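A.B. asks: Next comes the sequence, and after it the predicted model I'd like to discuss.
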Amino acid sequence: MKRARLVVMVVWAMVVGGIAQAAADVLCTTFPIYQITRNVVQGREGVSVALMMPASLGCPHHYSLTPQDMRKLARAEVLVVNGLGLEEFLGGPVEKANPQLRVVDSSQGIKDLLQFAQEPDDGCDHGQACGHEHHNQGANPHLFASPRMAALLAGNIATGLSKADPEGAGIYFKNATAYAAAMNALADEMAAVVKTLRNNRIVQPHGIFDYLARDIGLEIVAVTQPHGQEPSAAEMLKLVETIREKKAGAIFTEPQYSPKVGQTLARESGIPSAVLDPVASGPDNALLDYYEQVMRKNAETIQVTLGADE
């Protein structure tokens, strides 16, 4: 009798544990959103957070869903997305894979969004395919590249998860508040570094650092590859002219793309070049504070490259 009762108790524990685990499958589209979500759910038992796309991918501007992605979507209960059009590959396929999937848009309601710069007159008929990457004329989706914006993303993720799991709301909001405080403190640290610089004018590869620059006090004076394509010889000459005219202090590239164009422009313009990491990608086994580690390294790179004002 005792043995039978013990078996029943074990089976019941397995069933309850299985339900708790199954009710907490959270899937994140991109690496930075995955990292923020992991911080928000810390301490909530039974919650599993998974990353849909490879951690090393970077921004999914040209991404297509794979069969493995579809299987992950079918198993998930909650999908946390960057939003602002970054995941254009989502939509009908997701509804087909999992009609009951709850989608949390981490960018929803955030104010003071920056818009992508207008396309220059490059001779293309923008209504036709021309081999260039033309971003949609809308809000810049690269919020995650700024600690100040990452703080807001964490709050939105906590709100979305709390609707899906009301019992965990206290933990989610507590973690998001702590994470936001850490991110804002980090932004303040980086802004303090920028105030010491001799020159705060920079050149970036595309719109990836728009929010970071705004939030810590850098001024972007030129963009090397606004379409994601290498500039022509004539465009390179024009960029060198602009860089000299605007008295840029440095050209920054990002690790997700080749630094060749930035390095060439730096050499021709007579200014240094260096790599800044927007944390669009990372290692598979990233620590919870990976974002902070990378951003502090970025602050050091900015200070060394642009030079402190004596």
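C.D. replies: The structure has been received and is ready for your questions. Everything numeric in this text was worked out from a predicted model, so none of it was measured. Residues are numbered from 1 along each chain as shown.
A.B. asks: Which positions within stretch 242-255 qualify as buried?
C.D. replies: Of the residues in stretch 242-255, Thr242, Ile243, Ala248, Gly249, Ala250, Ile251, Phe252, Thr253, Glu254 count as buried by neighbour count, 16 or more other CB atoms under 10 Å. (Glycine included, C-beta is placed from N, CA and C.)
A.B. asks: Now do that stretch, average pLDDT.
C.D. replies: Computed over stretch 242-255, the mean pLDDT rounds to 97.
A.B. asks: Give me the contacts around it.
C.D. replies: By CB atoms under 8 Å, 6 or more residues apart in numbering, the surrounding residues in contact with stretch 242-255 are 197-205, 208-209, 221-222, 224, 259, 261-263, 265-266, 269, 271-278, 280-281, 305-307.
A.B. asks: please redo it, this time with the cut-off set to 7 Å
C.D. replies: Stretch 242-255 has contacts (CB atoms under 7 Å, 6 or more residues apart in numbering) with 199, 201-205, 208-209, 221-222, 259, 262, 265-266, 269, 271-278, 305-306.
A.B. asks: Return a selection command, for use in PyMOL, containing the buried ones of these.
C.D. replies: This is how PyMOL selects the buried members of these, with burial counted by 16+ other CB under 10 Å:
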select buried, resi 199+201+202+203+204+205+208+209+221+222+259+262+265+266+269+271+272+273+274+276+277+278+305+306
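A.B. asks: Any idea how far stretch 241-258 is from the middle of the chain?
C.D. replies: How far stretch 241-258 lies from its chain's middle: 21 Å, per CA atoms, centre = their mean, to the nearest Å.
A.B. asks: one step back: and which of the buried residues of stretch 242-255 is nearest to Glu167?
C.D. replies: Lowest distance from Glu167 to these (CB to CB) belongs to Glu254, with 40.0 Å.
A.B. asks: From Ala286, how far off is the closest one?
C.D. replies: To Ala286, Glu254 is 17 Å away according to CB to CB, to the nearest Å.
A.B. asks: Also Ala234?
C.D. replies: From Ala234 across to Ala286, the span is 41 Å (CB to CB).
A.B. asks: Return, as residue ranges, the portions of the chain with sub-threshold pLDDT.
C.D. replies: 1-24, 117-137, 309-310 (pLDDT under 70).
A.B. asks: could you redo the last one with a cut-off of 90?
C.D. replies: 1-24, 58-64, 88-97, 115-138, 225-230, 256-258, 308-310 (pLDDT under 90).
A.B. asks: What are the boundaries of the helices in it?
C.D. replies: 2-22, 31-40, 67-75, 92-97, 147-164, 169-195, 210-216, 233-245, 260-269, 290-306 (DSSP state H).
A.B. asks: Nearest to Ala50 among those helices would be which one?
C.D. replies: Closest among those, using CB to CB: helix 67-75, at 6.5 Å.
A.B. asks: what's the closest one packed up against?
C.D. replies: strand 25-28, helix 92-97 (3 or more CB pairs under 7 Å, 6 or more residues apart in numbering; DSSP states H and E).
A.B. asks: which one of the ones you listed is the most hemmed in?
C.D. replies: Among those, ranked by average contacts under mean count of other CB atoms under 10 Å, first place goes to strand 25-28 (a mean of 23).
A.B. asks: nearest spatial neighbour of Ser107, skipping sequence neighbours?
C.D. replies: Gly83 (3.5 Å; CB to CB, 6 or more residues apart in numbering).
A.B. asks: quick one: contacts for that neighbour?
C.D. replies: Contact analysis of Gly83 by CB under 7 Å, 6+ apart lists Asp105, Ser106, Ser107, Gln108, Pro141.
A.B. asks: Format those residues as TSV; extra columns: neighbour count and distance to Gly43.
C.D. replies: Below are these laid out as TSV (neighbours: other CB atoms under 10 Å; distance: CB to CB, whole Å):
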residue	neighbour count	distance to Gly43
Asp105	17	24
Ser106	30	20
Ser107	21	25
Gln108	13	24
Pro141	24	29
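A.B. asks: Out of these, which sit inside strands?
C.D. replies: Within the contacts of Gly83, residues falling in strands by DSSP state E are Asp105.
A.B. asks: farthest-separated two in the contacts of Gly83?
C.D. replies: Within the contacts of Gly83, two members stand farthest from each other by CB to CB: Gln108 and Pro141, at 12.4 Å.
A.B. asks: Any idea which of the helices and strands packed on helix 67-75 gets closest to Asn156?
C.D. replies: strand 25-28 (12.9 Å).
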